[in-house]
Structure formats: C-alpha cells, structure tokens
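# Provided below for reference: sequence and predicted model.
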Amino acid sequence: MTPQVDKSHYAFSRYVGFDRWASYHTQIKETLLLQPESVLEIGLGDGVYRNYLESQTKVRYQSLDIDPELKPDIVGSVTAIPFPDNAVDYVMAFEILEHLPFEEFPIALKEIARVAKRGAIVSLPHFGPPVKLLFKLPFLPEISFSFKISYMPRHRFNGQHYWELGKKGYPVSRVLKEIERYFIVEKHFVPFENQYHHFFILTKRVDA
C-alpha cells in the first residue's frame, strides 16, 4: 500500500481551515473525556493532535502511518497493525478509513478492535449540503441547530476517498452496522462547526 498524497498536502495554507480546527478541538476534547493512559493514532496527518497530547497531557501517544516521510512512530497499515492484542487503551482513526476501499473497512475495524483495550474514536467524511442556524442574544445561551439536505449522489474516487457517508450506497446505517460488529457506539454526531466530519465514540465489545 502506497501513500495517496505527499507531505506537501498538509501545508497549512491549503489543508487547515476553521472547520478543520473545529475537528481538532473535537478530537482532543473527546479523547480527554475518555481519560486514556495510552492511544494509537492511525494516520498522522499534520501532527496537531499528536503535538497537543505529547506536550499538554500525560497520555502515552503512538502513531502509525503508511508514509515514512511523515515520521510516524510505526510505519504500517491499519489493515495489519503491527501491535499485539489490547496494546493501547484507545485507537484513533480521524478521517482515514475512507482512504480504503469499503470492502477493507471491516478488516480495518477488526484490527482496531483487536489492538484497542477499551475502544476507539473514528471520524469519517459525511457528504451533504448542510443547513446551519445560530442564534445568540446578550446574556442568553447560544442556540445552534443544523441538518443535512437529503441528497445522495454516487461517489466517484477522487484519488483519495473511495467512499463517503451520505453518498449513494453509504448511508450512516450501513456504516453503523459494520462498526457494531466490534464496538458499542456510545454516541455519534456531526460537530456544528464542521458539518463534513462525522464522529463515532466507541467502546470495544467484550466478545470482539
């Protein structure tokens, strides 16, 4: 398996917008709520999540990526993680599993469940034109509401994503069915600030 993009893909000027910063916030917030002692991040990206955990927490962090140029702790694939069973508390896979053909999605989930002692956090791209409403008056709590317009075109491989939630053939229900073979879904949601990323907070099944 070879990298789909080179290191320049993660240049700040074209990779990081306000919406992606919102996802970084969600990644870190949900991680800290779980109070893990150790995590393995699949897909290093630009390293923002890693840098925060290593500099601001006591969480034992490791990374795995197929691209040695990104300098992960371990070079390897999510479909064959070179770790023993129950090696870390949680496995994190943020916007990475859509880079695999969907038939490899269950293989990756099985590997994540094998390596994780407690669970995982997964985020996936969720296509759909969003409607967002935000209302704020002085001295009153902010009220926000959002939903996606039902529009499901067929997905075409763009050199990176083999599939996306919300596209024809990939409803959330189908993805949940695969995830629930190995995990209990504690919650799943789309952050208001980034309507393209869908998060799944997962606890490993005892029989996984």
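That came through, no problem.

# can you list contacts of stretch 92-105?
Stretch 92-105 is contacted from outside by 4, 23, 27, 31, 39-43, 45, 49, 78-79, 108-109, 112, 120-125, 160-164, 170, 175, 178, 197, using CB atoms under 8 Å, 6 or more residues apart in numbering. The C-beta positions use only the backbone N, C-alpha and C, and glycine is treated the same way.

# Pull out the buried residues from the residues you listed.
Among the contacts of stretch 92-105, those scoring as buried are 23, 27, 31, 39-43, 45, 49, 78-79, 108-109, 112, 120-125, 161-164, 170, 175, 197 (criterion: 16 or more other CB atoms under 10 Å).

# in the chain, which helix or strand is least confident?
helix 12-15 (a mean of 56; mean pLDDT, DSSP states H and E).

# buried residues in the helix or strand following that helix?
Remark: after helix 12-15, the chain's next helix or strand is helix 18-34, criterion DSSP states H and E. Under the neighbour-count criterion of 16+ other CB under 10 Å, helix 18-34 has 20, 22-24, 26-28, 30-31, 34 buried.

# Point out the other helices and strands that helix 18-34 packs with.
Contact here means 3 or more CB pairs under 8 Å, 6 or more residues apart in numbering; DSSP states H and E; on that basis helix 18-34 packs against helix 48-56, strand 88-94, strand 116-125, strand 197-204.
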